[in-house]
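Trainee: heads up, no residue letters with this:
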């Protein structure tokens, strides 16, 4: 059963099948490059190429971002997604940046991706309670995972069209499109109850409490100074913005022409970070790509995820699940229009 | 990085997560490295200068003209009247054929490139101290240092992905010492900041060594087992007084003492340096002083230690390794060494090779001005903005009988050329580059060059063939060139494209096939056997402020622009961030001069004058001003001093004397 994890499994067959059936023109997924740890994105157009798709535990860039930035809007595109990718795609759809009708999301169960700053000699596969390096089992250690992954509550992308299990040999459909996909691939949905995610959610809670707790325990001034000193390292590479799937603006307020943040100045004024935070936080899916892209090692994802969780609680809103639920800070409800006896026309 | 290509066009860049150095992170230049590739200004056809201006020509016409003129001048005035400037942006393969062309076809050792302007003193200094002129450690192991001493490097702006390692080391508890006349961004995380006066590096380093010896903190065993020349160093240091050092450097004695102790007491201390150390008339001395300090404390040959010069151009290391230097063939094999020269001649199949050391960059300019140099072939270099004293450069180049310039864009120097040849850029050809930690890596073609532009190596080979040297330039691919280069170059003898088809590249020395490369140099012994201490005495810079020119000008760079801006000023994302030049002036000085922030200011030196906008900031010490050199409209190098380090022949970009006046 373990052999199936490393290729030749359902993710690959489904991708190949939907190409063959003409459900999609291309499939956006990760393939292996020069070695087992070299995972690169590709727009796949043939069934043969689909066999090169890898399910190793790496997430070098947001496929949601690539889909938005480079995907052809007129094509039907399949995307192999983790929960964070699927949620980002749905958030982009809410903002009219992606037409969900054209997107077929092949989900994959995920318990975290490699923190590539750790020296690992082979290809990594991360499961809930163990890690395999080139097929050999190794003890699960939190430092092997990206910090944001430790906080993640959504190992199974139930918001995608289908989701393939972590051992790559069973699948569930969640939408009509999902059923179409399985029919095209001639694969039956797996039976049995959905997995018990209690342990995952408990662990995610624990790490959220730890990461956010460190910050909430600080006095407000201490916490502010913590973030200001982190931002003092910023070299304004715009990597966080360029990596973030929720940052979709072609004409970005942070750039010098907009005169909000002065050019020719390092570190940039703090309004750079605060502006992006306000724009993105409600939609943050905790994909961690911002932090992975930051040369200065600023724990960006921690800040954005924390603010997202606060907003989520205040507005009883979860980003990236239902495309019909609008982002709370960008929309105004009838109730809000007449709050406190004041009517806004 | 990964390039995103659609319809023969590079439309974007993605960081490459598997890359051993950048690990999926890029600076602003990296994220926008593609923006200039398809710019409409790209040179697409050969150009020949006529009275009315440039006329488009065919490759045959242009190269035949070049071949004829070069041969003519060689016959009339001798091989040493010709010179070639190769490019630190070109591949290893291209540098290899450029120096082979210069030596075999032109018959001279007059080949150099812009390393002369940046790390020539590193190559000279570390070769003398260690036997090898390159970064001793690898970028990843910087993270393992317990102490990092950064002197003369604005790392977060100029080598951001190396600053990444410094920030990571700091997170792990490393102590950070920064020595710089400007309060650079890394000062935010520095445990000690030494705001030293420009050009006082030897004094500072001698001062630190004196403290270490006085307090008995030197690594006695390392000195005994691994080095020679310690007694001479000791004698020199005995004459050093910390009080005098504090006076010279303008750094308080107690801070120098504390910095020295932290560095010496750290289990692993890494020394990182760049232009602040090298670009001086005492550049070689400065470099040897850093080597002294590292050897004194046994900080060589282990992870997290070492002497780490940060080289900037994408292939300046490779250009040096491949022999685009007037005194060595590839692999630093001296042209004056009869045995090595004969070996190279035999390998190339020629009867003999020129034995006289050739001219360096600034010497070429001087020789051109004097009428001794008659022709130059400049590849991917813009001395009209990057050399010191550019008014003199213009005179010199205009004095040449014949000038050929090969580049990807029109520049201030293509404007002076008799023939302009259009070249392919980094995304348009296969080849290899070598970075500052000696790592040879593949670069792969993504798109075709525009119009009729060709790779530098193709142009050079075609020219060589037209000049009767076909048998020495039979190459039909970059891979074939690489194979020959590795055959004759011991330090990369074991490399091949096949061996390089893996993400980590290979760090030289890689002496034999299958060798895994070398992460850290001088582990068991130095390249020269024992490391050599050199007793260095502090000397002042060539031109210091006086009553006529009372301010010290130091020059440098900004993060978003690259050198003379031919690529970056055509990249919208980069140009919009840093669109114009500026002069950093301390508020005290600004007040004295009656200058407010963002005002036009006239700056003059003995070489010329420019007008530039003021940037009043306390980031720079009183008495010192800073101007970046990227901007042609306010060219810092109009002002700079072409005085050279006697050994390395590197100009003193970091110190000259200027006068500042309001308005303009």
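Mentor: Alright, I've got the coordinates. As the structure is a prediction and not an experimental result, all values here were calculated from the model. Numbering: from 1, shown residues only, chains lettered A, B, ... in the order given.

Trainee: so which bits of the stretch 101-250 of chain A are right by chain B?
Mentor: Within the stretch 101-250 of chain A, the residues that sit near chain B (C-beta under 8 Å from any C-beta of the partner chain) are A:116, A:117, A:229, A:232, A:233, A:235, A:236, A:237, A:238, A:239, A:242. Backbone N, C-alpha and C define where each C-beta goes, glycine included.

Trainee: residues near the third one, how many?
Mentor: By the measure other C-beta atoms under 10 Å in any protein chain shown, the count of residues near residue A:229 is 12.

Trainee: so what's the residue nearest to residue B:183 when sequence neighbours are not counted up against?
Mentor: Once flanking residues are discounted, residue B:183 sits nearest to residue B:619: 4.4 Å by C-beta to C-beta, 6 or more residues apart in numbering or on different chains. Counting by C-beta atoms under 8 Å, 6 or more residues apart in numbering or on different chains, residue B:619 makes contact with B:182, B:183, B:184, B:584.

Trainee: count of neighbours near the first one?
Mentor: Looking back up the chat, that one is residue B:182. Neighbour number of residue B:182 under other C-beta under 10 Å is 19.

Trainee: quick check: pLDDT value at it.
Mentor: Note for residue B:182: predicted pLDDT of 97.

Trainee: which one of the contacts of residue B:619 is nearest residue A:321?
Mentor: Nearest to residue A:321 out of the contacts of residue B:619 is residue B:184 (C-beta to C-beta; 45.8 Å).

Trainee: so how far is residue B:556 from the closest one?
Mentor: 10 Å (C-beta to C-beta, to the nearest Å).

Trainee: spit out the residues that contact these two alike.
Mentor: residue B:154.

Trainee: need phi/psi at the closest residue to chain A within chain B.
Mentor: For chain B and chain A, the shortest gap (C-beta to the nearest C-beta) falls at residue B:17, measuring 3.5 Å. Dihedral angles of residue B:17 (phi, psi; degrees, to the nearest 10) stand at phi -60, psi -30.

Trainee: isn't it right next to residue B:2, touching?
Mentor: No - assessed by C-beta atoms under 8 Å, residue B:17 is found out of contact with residue B:2, at 9.2 Å.

Trainee: more crowded one of these two?
Mentor: residue B:17 (24 against 18).

Trainee: distance of the more buried one from residue A:35?
Mentor: 12 Å.

Trainee: and residue B:628, by the same measure?
Mentor: For residue B:628 relative to residue A:35 (C-beta to C-beta), the value is 40 Å.

Trainee: between those two, which has more neighbouring residues?
Mentor: residue B:628 (20 against 14).

Trainee: could you pull up the residues touching residue B:544?
Mentor: B:199, B:552, B:655, B:657.

Trainee: where does the chain have low pLDDT?
Mentor: Because you didn't say which chain, this covers chain A. For chain A, applying pLDDT under 70 flags the ranges A:1-7, A:193, A:345.

Trainee: wait, I meant chain B there
Mentor: Ranges of chain B meeting pLDDT under 70: B:664.

Trainee: can you give me the domain boundaries for it?
Mentor: B:1-34, B:43-117+B:315-507, B:120-310, B:551-662 (automatic domain parsing).

Trainee: want to try a markdown table for those domains, with distance to residue A:317 as columns?
Mentor: Compiled in a markdown table, those are given as follows (distance: least, C-beta to C-beta, whole Å):
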| stretch | distance to residue A:317 |
| --- | --- |
| domain B:1-34 | 31 |
| domain B:43-117+B:315-507 | 41 |
| domain B:120-310 | 34 |
| domain B:551-662 | 34 |
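
Trainee: just to revisit the earlier point, residue contacts, the residue of chain B closest to chain A?
Mentor: Here residue B:17 is in contact with A:38, A:39, A:58, A:60, A:61, A:116, A:292, B:23, B:24 (C-beta under 8 Å, 6+ apart).

Trainee: quick one: classify the fifth one as helix, strand or coil.
Mentor: Put simply, residue A:61 is coil when judged by DSSP: H, G, I helix; E, B strand; the rest coil.

Trainee: what's around it, how many residues?
Mentor: 25.

Trainee: so it sits right up against residue A:287, yeah?
Mentor: No - with contact defined as C-beta under 8 Å, residue A:61 does not count as touching residue A:287 (9.6 Å).

Trainee: residues contacting the residue nearest to residue A:230 when sequence neighbours are not counted?
Mentor: Nearest non-adjacent residue to residue A:230, counting by C-beta to C-beta, 6+ apart: residue A:298, 4.7 Å away. Contacts of residue A:298 were listed using C-beta under 8 Å, 6+ apart, and they are A:230, A:231, A:233, A:234, A:291.

Trainee: residues contacting residue 330?
Mentor: You didn't say which chain, so I picked chain A. residue A:282.

Trainee: wait, chain B was what I had in mind.
Mentor: B:96, B:99, B:321, B:322, B:323, B:485, B:488, B:489.

Trainee: and for residue B:83?
Mentor: B:108, B:110, B:111, B:112, B:358, B:359, B:364, B:367, B:373, B:375, B:376, B:377.

Trainee: what residues does whichever strand or helix holds the last one touch?
Mentor: Of the helices and strands defined by DSSP states H and E, residue B:377 is found in strand B:375-379. If you take C-beta under 8 Å, 6+ apart as the criterion, strand B:375-379 is touched by B:66, B:69-70, B:73, B:81-87, B:90, B:94, B:98, B:364, B:368, B:397, B:400-407, B:413, B:417, B:423, B:456, B:460.

Trainee: partners of it in the sheet?
Mentor: Here strand B:375-379 is paired, per DSSP bridges, with strand B:82-85 (parallel), strand B:402-407 (parallel).

Trainee: you'd agree residue B:38 is up against residue B:11?
Mentor: No - judged on C-beta under 8 Å, residue B:38 makes no contact with residue B:11 at a distance of 9.1 Å.

Trainee: ranges for the strands of the stretch 551-664 of chain B?
Mentor: B:551-556, B:583-585, B:600-604, B:609-616, B:624-628, B:641-644, B:651-652, B:656-662 (DSSP state E, counting those that start in this stretch).

Trainee: number of residues surrounding residue A:150?
Mentor: So residue A:150, with other C-beta under 10 Å, has 20 neighbours.

Trainee: please read the previous query as pertaining to residue A:108.
Mentor: When neighbours are counted by other C-beta under 10 Å, residue A:108 comes out with 27.

Trainee: next one: the one 10 residues further on
Mentor: Taking other C-beta under 10 Å as the criterion, the count of residues near residue A:118 is 11.

Trainee: what's around residue 51, how many residues?
Mentor: Here I'm looking at chain A. 15.

Trainee: try chain B instead
Mentor: Residue B:51 has 5 nearby residues by other C-beta under 10 Å.

Trainee: with residue B:68 instead?
Mentor: 13.

Trainee: could you confirm the residue nearest to residue A:230 falls within a helix?
Mentor: No - secondary structure of residue A:298 (three-state DSSP): coil, not part of a helix.

Trainee: secondary structure element holding the nearest residue to residue B:322 once chain neighbours are set aside?
Mentor: Excluding its sequence neighbours, the residue lying closest to residue B:322 (C-beta to C-beta, 6+ apart) is residue B:95, at 3.9 Å. Assigned by DSSP H and E, residue B:95 falls within helix B:92-100.

Trainee: C-terminal to that helix, what's the next element?
Mentor: Per DSSP H and E, the helix or strand that comes after helix B:92-100 is strand B:111-112.

Trainee: need the contact partners of that next one.
Mentor: B:83-86, B:98-99, B:102-103, B:323-326, B:358-361, B:364.

Trainee: looks to me like residue B:465 is in a strand.
Mentor: No - assessed with three-state DSSP, residue B:465 is helix; it does not lie in a strand.

Trainee: and residue A:162, what does it touch?
Mentor: A:14, A:105, A:106, A:107, A:171, A:172, A:173, A:174, A:178, A:181, A:182.

Trainee: can you put the residues you listed in CSV and add secondary structure and neighbour count?
Mentor: CSV is the format used below for these (DSSP: H, G, I helix; E, B strand; the rest coil; neighbours: other C-beta atoms under 10 Å in any protein chain shown):
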residue, secondary structure, neighbour count
A:14, helix, 26
A:105, strand, 28
A:106, strand, 30
A:107, strand, 27
A:171, strand, 26
A:172, strand, 21
A:173, strand, 20
A:174, coil, 18
A:178, helix, 21
A:181, helix, 27
A:182, helix, 21
